[in-house]
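Peer 1: after the sequence you'll find the predicted model.
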Amino acid sequence: MGLFDKFNTQSKQVIANLELEINELKKTISAQEQELTQKSNEIRNLEYQLTQKVSRNHNLQQQLSEKSNKIHDLELELEMQNNNLLAKTNSIRQLFYEKEQLNAAISEKNAFIHTQTIHLQAVETAHMECLKKSNDLELLNQNFSEKIRKLEKQKTDAIHSANIKLMELQKELNFTTSEKNILEDQLQTLKEKYAPLISIQNYEFFANLQKNELEKQIYLQKFLFVLKNHHMERALQSKQQEFRARYKKIKIAAEQAIEKYERDMNEQEFKLLRPYISVSDFYSYSVPIRNQMALDNYNRMKKTPIEIGLAYERYIGYLYEMQNYEVRYHGALNKFKDKGIDLYAIRKKEVLVIQCKRWSKNTMVGDATIRELHGSIGIAQTKFPSRQIKGILYTTTKVSEEAKKEAKTLGIKIFEEFPIEEYPMIKCNVSESGEKIYHLPFDQMYDKTFITPKNGDLYVATVTEAELYGFRHAHRWDPSKNH
């Protein structure tokens, strides 16, 4: 019983375990069958979806084939359009090529016109110089003609006086002839009365003698008049020859002096313009053209800080001169000894003390500049004691708040961020003698020249414009020469 029971017990346990495992396997299988059922359902759904997608794909393939046909048609149209575009591109290239040829032709014509313009300006300048020379010669001719007219007037006066004397002699002759007739009548009466006493032959001889004497005096006076007239004509001819010889000498000397003057002026002009124009350009072009070239090169050149500040001072001075102020360029003329005064602008009882600051954008004007300008106002007060002095600051940058407050307290007017702009830089001045002279920015007397519009002074932008107004270029003064 013991072994069989143990075996039976063990077998039952094994069977029970196997049944448990079988039940678990059944559960697992049922779970797997459920999963399989679900998956089969999903597969059916996927097959249904696949079928729908296949049908859709078929429809899409049909649409794709239709679209491909359309694309093919569009490609054909595009190819035709490309061909048309290529043809138009070729025509545009042809037109562009023709345009370039036209532009090249226009450029050549413009260059030709520019060259002709330069030649024309040179011819006009030469013509003006010839006119000046002809005016000098015409003045000499006028002087010579005036002297000849004076001599001819003297000759005419002498002839007139001689004619008057001749008329007086003729009157005397007529009076003498009338007296002779009276005497002859009286003689005839006496002859008739005293015929027996007086010899007729002796009386006739005496009368003829007096008559011959009177005729001699008349002929002598006529001879003296003709001789004097002949001498006057000879003297007039010799004077004319003398004046002609002197005129030729004066003409030759004047031409030589003009040539020497032009050579000297050319040398001075060359020294003045040499930093701004080449030697070949100086001797190749006329005076107006080379002066304009020098001015253009001066404006294009890179400036030093001092020249940059000077340009700003000149621009501010120009603005006040256009308002009929008399502007004195104190800073430009005194350099580092200007005592903080760049410009004096004077009008009637008012004097403006102007300081100009053309600094970089990152630099700000501080209160030290305001105090310096206030000190400059005190200096100006001693120089102009009877006038009202005002201080003004012009700057291309900003001014600090402390400086503004101090300027307001001291009565100083501020123009901040005031830029320099283009303006006509050529000064045209009419001197006291009436001579018209223009000055370029690099000329010797530029900053010493006052521009007063009411006196006929003005600013112009080009040399041609200055010469059209009748102004000539200022000559450089050389202290080593006696002018």
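Peer 2: In hand now; what should we look at? Numbers count the residues shown, from 1 in each chain.
Peer 1: what mean pLDDT does the strand or helix carrying residue 102 have?
Peer 2: Residue 102 belongs to helix 2-194 when elements are defined using DSSP states H and E. What helix 2-194 shows for mean pLDDT is 71.
Peer 1: helices or strands up against the very next helix or strand once past it?
Peer 2: Proceeding C-terminally, helix 2-194 gives way to helix 200-273 as the next helix or strand, assigned by DSSP H and E. Here helix 200-273 touches helix 2-194, helix 279-284, helix 287-300, going by 3 or more C-beta pairs under 8 Å, 6 or more residues apart in numbering; DSSP states H and E. Quick note: C-beta positions are derived from backbone N, CA and C, even for glycine.
Peer 1: chain center to helix 200-273, what's the gap?
Peer 2: Put simply, helix 200-273 sits 55 Å off its chain's centre (C-alpha atoms, centre = their mean, to the nearest Å).
Peer 1: okay, angle between it and helix 287-300 too, please.
Peer 2: Helix 200-273 runs at 20 degrees relative to helix 287-300, counting by axes from the mean of the first three to the mean of the last three C-alpha atoms, to 10 degrees.
Peer 1: would you confirm that residue 431 contacts residue 437?
Peer 2: Yes. Contact status for residue 431 versus residue 437: in contact at 6.5 Å, counting by C-beta atoms under 8 Å.
Peer 1: comparing those two, which residue is more hemmed in?
Peer 2: Neighbours per residue, other C-beta atoms under 10 Å: of residue 431 and residue 437, the larger number sits with residue 437, 18 against 10.
Peer 1: how about that one: what's its closest non-neighbour residue?
Peer 2: Leaving aside its sequence neighbours, residue 437 sits nearest to residue 474 (C-beta to C-beta, 6 or more residues apart in numbering; 4.9 Å).
Peer 1: so what's the residue count around that neighbour?
Peer 2: Residue 474 is flanked by 18 other residues according to other C-beta under 10 Å.
Peer 1: repeat that for residue 305.
Peer 2: 10.
Peer 1: do you know how far the residue nearest to residue 437 is from residue 327?
Peer 2: 18 Å (C-beta to C-beta, to the nearest Å).
Peer 1: before we move on, what about residue 54?
Peer 2: 98 Å.
Peer 1: residue 50 too?
Peer 2: 99 Å.
Peer 1: okay, those two: which has more neighbours?
Peer 2: It is residue 327, of residue 50 and residue 327, that has more neighbours when counted by other C-beta under 10 Å, with 26 against 12.
Peer 1: from memory that one sits against residue 314, does it?
Peer 2: No. Using C-beta under 8 Å, residue 327 makes no contact with residue 314, being 9.4 Å away.
Peer 1: shared neighbours, these two?
Peer 2: Here residue 327 and residue 314 have no joint contacts, going by C-beta atoms under 8 Å, 6 or more residues apart in numbering.
Peer 1: quick one: the strands in the stretch 301-450 of the chain?
Peer 2: In the stretch 301-450 of the chain, the strands defined using DSSP state E, counting those that start in this stretch lie at 326-328, 343-347, 350-357, 388-395, 413-415, 426-430, 436-439.
Peer 1: what are the pairing partners of the first one, and which direction each?
Peer 2: Partner strands and pairing direction for strand 326-328 (DSSP bridges) are strand 343-347 (antiparallel).
Peer 1: for the fourth one, same thing?
Peer 2: According to DSSP bridges, the neighbouring strands of strand 388-395, each with its direction, are strand 350-357 (parallel), strand 413-415 (parallel).
Peer 1: with mean neighbour count and mean pLDDT added, can I get those strands in JSON lines?
Peer 2: Shown next, in JSON lines, are the strands paired with strand 388-395 (neighbours: other C-beta atoms under 10 Å; pLDDT from 0 to 100):
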{"stretch": "strand 350-357", "mean neighbour count": "22", "mean pLDDT": "94"}
{"stretch": "strand 413-415", "mean neighbour count": "15", "mean pLDDT": "94"}
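Peer 1: using a markdown table, lay out those strands together with distance to residue 59.
Peer 2: Compiled in a markdown table, those are given as follows (distance: least, C-beta to C-beta, whole Å):
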| stretch | distance to residue 59 |
| --- | --- |
| strand 350-357 | 83 |
| strand 413-415 | 81 |
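Peer 1: closest to residue 390 out of these?
Peer 2: With C-beta to C-beta as the criterion, residue 390 lies closest to strand 350-357 of those, at 5.3 Å.
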